[in-house]
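Engineer: coords please:
(4 chains)
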Number of protein chains: 2
Amino acid sequence: MLDATSSYKPMDLRIPVADRTGHRTVPETTRRTDRIPGTRYGNRPTMKDVAARAGVGLKTVSRVVNGEPGVTPETERRVQEAIEALGFRRNDSARVLRKGRTASIGLVLEDLADPFYGPLSRAVEEVARAHGALLINGSSAEDADREQELVLALCARRVDGLVVIPAGDDHRYLEPEIKAGVATVFVDRPAGHIDADVVVSDNYGGAHDGVSHLIAHGHRRIGFIGDMPRIHTAAERLRGYRTAMEDAGITVADSWMSLGVTDPERVRRAAEEMLSGPDPVTAIFTGNNRVTVTVIRVLAGHTRRVALVGFDDIELADLLQPGVTVVAQDAAALGRTAAERLFRQLDGTLLAPERIELPTRLITRGSGELPPAD
Amino acid sequence: MLDATSSYKPMDLRIPVADRTGHRTVPETTRRTDRIPGTRYGNRPTMKDVAARAGVGLKTVSRVVNGEPGVTPETERRVQEAIEALGFRRNDSARVLRKGRTASIGLVLEDLADPFYGPLSRAVEEVARAHGALLINGSSAEDADREQELVLALCARRVDGLVVIPAGDDHRYLEPEIKAGVATVFVDRPAGHIDADVVVSDNYGGAHDGVSHLIAHGHRRIGFIGDMPRIHTAAERLRGYRTAMEDAGITVADSWMSLGVTDPERVRRAAEEMLSGPDPVTAIFTGNNRVTVTVIRVLAGHTRRVALVGFDDIELADLLQPGVTVVAQDAAALGRTAAERLFRQLDGTLLAPERIELPTRLITRGSGELPPAD
DNA sequence: TAGAGCCTGGACAACGTTGTCAGGCTCGGG
DNA sequence: CCCGAGCCTGACAACGTTGTCCAGGCTCTA
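Structural biologist: Numbering: from 1, shown residues only, chains lettered A, B, ... in the order given. Take a look at the predicted model:
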């Protein structure tokens, strides 16, 4: 389906310079992507063309285009006319080169298609827009290499700032960038080995609340299904679960916990195992939205009633029978907070890096119907 | 919350040149955003610095950075060392200026936070990635002016191509861009007054199928709640509804149809009206995912059983009681198809603009439980 | 009426990179 | 031993824009 061998190889985004191995990447084939000399790409008119047509100087065109004062209405009219006629559009690459700022920020997240990141991304975009900046984004697919590749590509484009949802756990590669003035904020998960602004949810507290809720309703055999423990949020939520259980004097059996990739098949198997066996759980706490959805499906196929509390809110969770209680984080607030901090860095209003933790909210649904422990 | 008055005003993204009114935008305040002359922004090292440090020529650095052949291992080592030491990162703005292509494409859609656009956006990104390009995106918020503003900003950055989900209905402003070689594909909705590639779902057919499904189950008084009719998809779906009803010999009462903005309040009111009154509907066909969700909520509060079929699939729709039958479109396929066509335009493999229509799929859920007509 | 000051317009350099081209080096063969 | 071929290397211009600076023409005042 994807045809990566087509003749459109605009540029090599990878920067051989700083790759992991320290070796430079040698292109397998000679790249022939340069325009034929003398042929302007797409033949776009430049300010020079506009100036020539309007019979004015180059700088005068620049003035008109940028709305600078000091141009006679008559002259301006002529310039506007030429612009219109030629379909001129200012080339921001050249502009950026001259001015030093790109008016764009980068957002690197895990997966744009995940409903959790949509609102986050949108929130970042809105803040960027309010500051006159564009948003460039990319998905890391939870792959540290790809994250780095993306981030460096963005830096090469000289984004003014970066909002990163870390996939990897070592971000020292960003040091020169930050030193060079690229504003950087990490969201959802902390950065690794680097001192930078971080905006996260209270994953530990949220999970603790959710599990405590189950305990308060009489549950003692509570399962936990979460993401890979190397992901910080997953580890924190597990910690919340463990502590809540501990606080209630409950000893957690190993078979009650399942951590790993969150694809439906694995989660389904994990849930089934917890629900069968000699010592089945009476309630499950799920570590994120994807897991929750899968477990809801599993439970729907069971006759026995099992209580469920999930991290992250899910649309329509209130309409299920029984309703699903969740620990909700505010994805939009995460994005907004991060982006605002980013622009404050660019302002120079911000001094030391800080860690900001946003509260979660327990949304109780159908709790009255929670099946009791035994 | 948003502080748009901060001192970070990197650049004016709006291009006064081509604004709607034809007047140029005069900045209210004198912009003082230029770097202090002589102070390099962020003090980033350039190839020149690297060259100086490595004791080689400028071009040699360029060669090393781009993996071009013809550099002694020893020389390369020295250059690499200097690069490492200085934290040099190639400036793609300058590169773009020289080469003419940016290796980035733009995506303008309605709202990144809408679950329908997440997968679409991700699909576009994957195709772009396969072709070595980055994705810049922006939300038009269903506002034609904002769409144009965004598109022109992207053109000013010289994106190689554009994927646009139109908010406005006149895209003649894109003519000079397309003529200048910016590959352009419209998705989800057709372009206005311009001949360009379009990738859409079979909105008419899908709606027809969905409504026919209801009719086949004995319903005759079927309501339709959809988006504003100026939105092409909404109009097409309405047409599907009308035709399906007509085909079945059913005369549609005006009170059965409600078109307008899709915020929950309006939709709720529309649904309530259809369900009460002298001639209440026994089934509702909803025009998109947001409407469907709201109507599900309304129906949950009613004792009378009302059948529901919605356009767009919804997560967990299968677990609701009763399950919600939907007309599903493949958002990812829309994005993928559009992006692939875009790169084929850039290849030069593509000739005449075309209109591609992707099929929809009726997903039947809980149909056996559909309450009959009376 | 002359001089000061303002307004308009344009020439020019610089931003950082890449393509062209030419010069210098080494090495092998005559 | 000399010359040409071939390989490395670097000087230079150009990409399109913007900031600086200056020139020329105008108005206004003394």
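Engineer: CA atoms for contacts and neighbours, from now on please.
Structural biologist: Will do.
Engineer: so who does residue A:299 touch?
Structural biologist: Residues in contact with residue A:299 (Cα atoms under 8 Å, 6 or more residues apart in numbering or on different chains) are A:305, A:306.
Engineer: make sure I have this right: it is in a helix.
Structural biologist: Yes. Under DSSP: H, G, I helix; E, B strand; the rest coil, residue A:299 falls within a helix.
Engineer: what about it, distance to residue A:306?
Structural biologist: According to Cα to Cα, to the nearest Å, residue A:299 and residue A:306 sit 7 Å apart.
Engineer: can you list the residues of the stretch 101-250 of chain A near chain B?
Structural biologist: Contact residues (Cα under 8 Å from any Cα of the partner chain) of the stretch 101-250 of chain A with chain B: A:101-103, A:111-115, A:117-122, A:125, A:127, A:130-139, A:155-158, A:176-177, A:179-182.
Engineer: among those residues, which are in strands?
Structural biologist: A:134, A:135, A:136, A:137, A:138, A:139 (DSSP state E).
Engineer: which strand or helix spans residue A:97?
Structural biologist: Following DSSP states H and E, the helix or strand that holds residue A:97 is helix A:92-99.
Engineer: again with residue A:200
Structural biologist: strand A:197-201.
Engineer: that strand: what's the following helix or strand?
Structural biologist: Following strand A:197-201 in sequence, per DSSP H and E, is helix A:203-216.
Engineer: what packs against that following helix?
Structural biologist: Judged by 3 or more Cα pairs under 8 Å, 6 or more residues apart in numbering or on different chains; DSSP states H and E, helix A:203-216 is in contact with helix A:232-247, strand A:283-286, strand A:307-311, strand A:325-328, strand A:361-363.
Engineer: burial check on residue A:245, number of neighbours?
Structural biologist: 20 (other Cα atoms under 10 Å in any protein chain shown).
Engineer: let me know the pLDDT of it.
Structural biologist: We have a pLDDT of 97 for residue A:245.
Engineer: can you tell me how far it is from residue A:295?
Structural biologist: With Cα to Cα as the criterion, residue A:245 and residue A:295 are 21 Å apart.
Engineer: export the helices and strands packed on helix A:203-216 to JSON lines and tack on distance to residue A:146?
Structural biologist: Listed next are the helices and strands packed on helix A:203-216 as JSON lines, based on distance: least, Cα to Cα, whole Å:
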{"stretch": "helix A:232-247", "distance to residue A:146": "18"}
{"stretch": "strand A:283-286", "distance to residue A:146": "28"}
{"stretch": "strand A:307-311", "distance to residue A:146": "27"}
{"stretch": "strand A:325-328", "distance to residue A:146": "29"}
{"stretch": "strand A:361-363", "distance to residue A:146": "33"}
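Engineer: wait, which of these is closest to residue B:97?
Structural biologist: Closest to residue B:97 of those, according to Cα to Cα: helix A:232-247, at 40.7 Å.
Engineer: identify the residue nearest residue A:356 in space, chain neighbours excluded?
Structural biologist: residue A:199 (4.7 Å; Cα to Cα, 6 or more residues apart in numbering or on different chains).
Engineer: show the average pLDDT along stretch A:94-113.
Structural biologist: 91.
Engineer: please state the offset of that stretch from the chain centre?
Structural biologist: Here the centre of stretch A:94-113 is set off from its chain's centre by 15 Å, with Cα atoms, centre = their mean, to the nearest Å.
Engineer: buried ones in that stretch?
Structural biologist: A:94-97, A:99-113 (16 or more other Cα atoms under 10 Å in any protein chain shown).
Engineer: got it, and stretch A:201-219?
Structural biologist: Buried, per 16+ other Cα under 10 Å, within stretch A:201-219: A:201-215, A:217-219.
Engineer: one more: stretch A:80-98?
Structural biologist: A:80-84, A:86-97.
Engineer: wait, what's in contact with the residue positioned nearest the centre of chain A?
Structural biologist: Computing the C-alpha centroid of chain A and ranking residues by Cα atoms, centre = their mean puts residue A:109 first, at 2.7 Å. Counting by Cα under 8 Å, 6+ apart, residue A:109 touches A:117, A:137, A:138, A:139, A:140, A:141, A:164, A:165, A:166.
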